[in-house]
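> build me a model from this:
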Amino acid sequence: MLAALSYYYWKAGQLGRSLGQVLNTPPFQRLALISLLLVGVGLVLTGNGIWQILPATALILVCVVALVLLFRQRADDTSAK
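Predicted coordinates for the structure are as follows:
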């Protein structure tokens, strides 16, 4: 996650755009969601109790749904061209 933020911060400077504009692009959103998904998996694998596992599972589910929607949007954009 930190590497993606650092790269897109640098990229925004190179393109002369604001960081917010660059972070609002689907490539960054995919990287951020994949990073959060990996964090959720790590939390589930290291959680000791149900109260630690449930929020991590919810994070995983939200990330999976968001990634599916992003990839569907990408597929729709590609097929429309």
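
> stretch 22-42: which residues count as buried?
Val22, Leu23, Phe28, Gln29, Arg30, Leu31, Ala32, Leu33, Ser35, Leu36, Leu37, Gly40 (16 or more other C-beta atoms under 10 Å). Placement of C-beta: from N, CA and C, glycine included.

> for it, give the mean pLDDT please.
Averaged over stretch 22-42, pLDDT sits at 94.

> contacts for it, please.
With C-beta atoms under 8 Å, 6 or more residues apart in numbering as the contact definition, stretch 22-42 has outside contacts at 1, 4, 8, 11-12, 15, 56-57, 59-60, 63-64, 66-67, 70-71, 73-74.

> what about 7 Å?
1, 4, 8, 11-12, 15, 56, 59-60, 63-64, 66-67, 70, 74 (C-beta atoms under 7 Å, 6 or more residues apart in numbering).

> please apply the same query to stretch 56-65.
By C-beta under 7 Å, 6+ apart, the list of residues contacting stretch 56-65 from outside reads Leu33, Leu36, Leu37, Gly40, Val41, Leu43, Val44, Gly47.
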